[in-house]
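[1] Provided below are the primary sequence and the corresponding predicted coordinates.
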Amino acid sequence: MTFSAVSLLLWYDHYRRIMPWRALPGQKPDPYHVWLSEIMLQQTTVATVHDYFLKFIARFPSVQALAAAPQHDVLAAWAGLGYYSRARNLHLCARELAARGAFPQTVPALEALPGIGPYTARAIASIAFNVPVIPVDGNVERVTSRLFASVIPLPAGKKQLATLAETLNDDLPAQARASDFTQALFDLGATICTPRRPKCMLCPWQKDCAAHREGKAAFYPVKTPKKQRPDNYGTALIIRGPGPSVLLRKRPEKGLLAAMMALPGSDWLSVSPPPDIPRKNASGGPWMYLGRVKHVFTHLTLYLDVYEVEVTSWGAARSSHLAPLLVPEMIVDAVPCAFKDLPDQALPSLMRKCLALTQLPA
DNA sequence: AAGGCGGGGCC
DNA sequence: GGCCCAGCCTT
């Protein structure tokens, strides 16, 4: 079975989406923009990436500018986008590219770079350098599983789908336009061959599609059920002091929200918070309970009880009357940050949610 | 092969 | 509430 690759390209010539990282027809793609957008788009929607991408290239106009920047600035520009290992690897990769002087243009060489796996290597090679390979993302998996009515549940069936996807541009006209063909697959998956209610009536591959012949395109791709998320609990402390400012600390280099800034607080545990912490300063106590923040991560749901403490000096924050809510080890490495500088900090969304519970000074 | 790793939008 | 999103890395 040979697919009408050219019909997809004709469809693309008419319906292609315009995006800030994409070259317009007749223009050459910018490898920096292609690379950066591909990293940002990993597990992240086009709508979310759009503004981040524009701000990022305004702040870091070139690979060299990105390589020369301190890590904190890169993490701050990434804050809110999630999966922060992407930003750390992006920065590492920029330094390697800057030292090297140019982008490699083959799949194996690209895949050897930090943060670039099998998918992204093929995406950059095909989109930026017109190499005839097919990057298999969620879109391509969905399109391919429907074309072939593949019933092997994902993720176990990924290898089979990748093999099938390689045959999609198995003719010379499509391979000559490898860059367009890859982006056409993305656009088809994003606008026609959608997860729910696919628009088969508008699909250039309708007559090629086994799932459509079965009358159940939406049934594909088959996926194995996901594990449920456990709940975790903890406290976060908004310790306000002179300036006005607030204490922040940098999280460890590995693990959840690695190397990002955070409010001081307790560890996050699977047990409910101890009931002996007063939720209000009813007895004229030193802290105020502001509320509970719920935040859903990929593999756990976190509930943080947020408290506010006002101190006249940072030394006072270590005084014993703030225990057990605030113990010195929580702030041993904390540093004050002026409220006006919070927007420039590498604060993940979870911490911005917590800070939103307090009344910022005017 | 499985699990860690963010966050937002959609239904 | 669950699912999806232009996945990578470690174990």
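    That came through fine.
[2] Need the mean per-residue confidence for stretch A:269-289.
    Stretch A:269-289 shows a mean pLDDT of 67 in the predicted model.
[3] Can you measure across it, start residue to end residue?
    In stretch A:269-289, first residue to last residue: 20 Å (CA to CA, to the nearest Å).
[4] how about the helices in the stretch 151-300 of chain A?
    Shown for the stretch 151-300 of chain A, the helices assigned by DSSP state H, counting those that start in this stretch span residues A:158-165, A:172-176, A:178-191, A:210-214.
[5] So which of the ones you listed is nearest residue A:109?
    Residue A:109 sits nearest to helix A:178-191 of all these, at 16.9 Å, using CB to CB. Every residue, glycine included, has its C-beta placed from N, CA and C.
[6] Any residue of that closest one touching DNA strand C?
    Yes: contact of helix A:178-191 with DNA strand C (CB under 7 Å from any atom of the strand) involves A:183, A:186, A:189-190.
[7] helices or strands up against that helix?
    Packed against helix A:178-191 by the contact rule (3 or more CB pairs under 8 Å, 6 or more residues apart in numbering; DSSP states H and E) you find helix A:5-15, helix A:118-129, helix A:138-147.
[8] Which neighbouring elements make contact with the lowest-mean-pLDDT helix or strand in chain A?
    One helix or strand of chain A scores below all others by mean pLDDT, DSSP states H and E: helix A:172-176, with a mean of 91. Packing contacts for helix A:172-176, counted by 3+ CB pairs under 8 Å, 6+ apart, involve helix A:5-15.
[9] what about the helix it packs on, near DNA strand C?
    No: Helix A:5-15 stays clear of DNA strand C (CB under 7 Å from any atom of the strand), getting no nearer than 11.8 Å.
[10] model confidence over that helix, on average?
    Here helix A:5-15 scores 96 as its mean pLDDT.
[11] give me the number of residues near the residue in the stretch 251-362 of chain A that DNA strand C sits nearest to?
    Residue nearest to DNA strand C within the stretch 251-362 of chain A: residue A:298 (6.8 Å; CB to the nearest atom of the strand). Residues contacting residue A:298 under the criterion other CB atoms under 10 Å number 10.
[12] Looks like residue A:158 contacts residue A:141 (just checking).
    Yes: with contact defined as CB atoms under 8 Å, residue A:158 reaches residue A:141; the gap is 7.2 Å.
[13] In contact with residue A:187, which residues?
    Applying CB atoms under 8 Å, 6 or more residues apart in numbering, one finds that residue A:187 lies in contact with A:12, A:15-17.
[14] Neighbours of the closest residue to residue A:184 other than its chain neighbours, how many?
    With CB to CB, 6 or more residues apart in numbering as the criterion, residue A:184 has its nearest non-adjacent residue at 3.6 Å, and that residue is residue A:12. The local packing of residue A:12 (other CB under 10 Å) involves 20 other residues.
[15] Near the residue of the stretch 151-300 of chain A found nearest DNA strand C, how many other residues are there?
    Distances between the stretch 151-300 of chain A and DNA strand C by CB to the nearest atom of the strand are smallest at residue A:195, namely 4.1 Å. Per other CB under 10 Å, the neighbour tally for residue A:195 reads 12.
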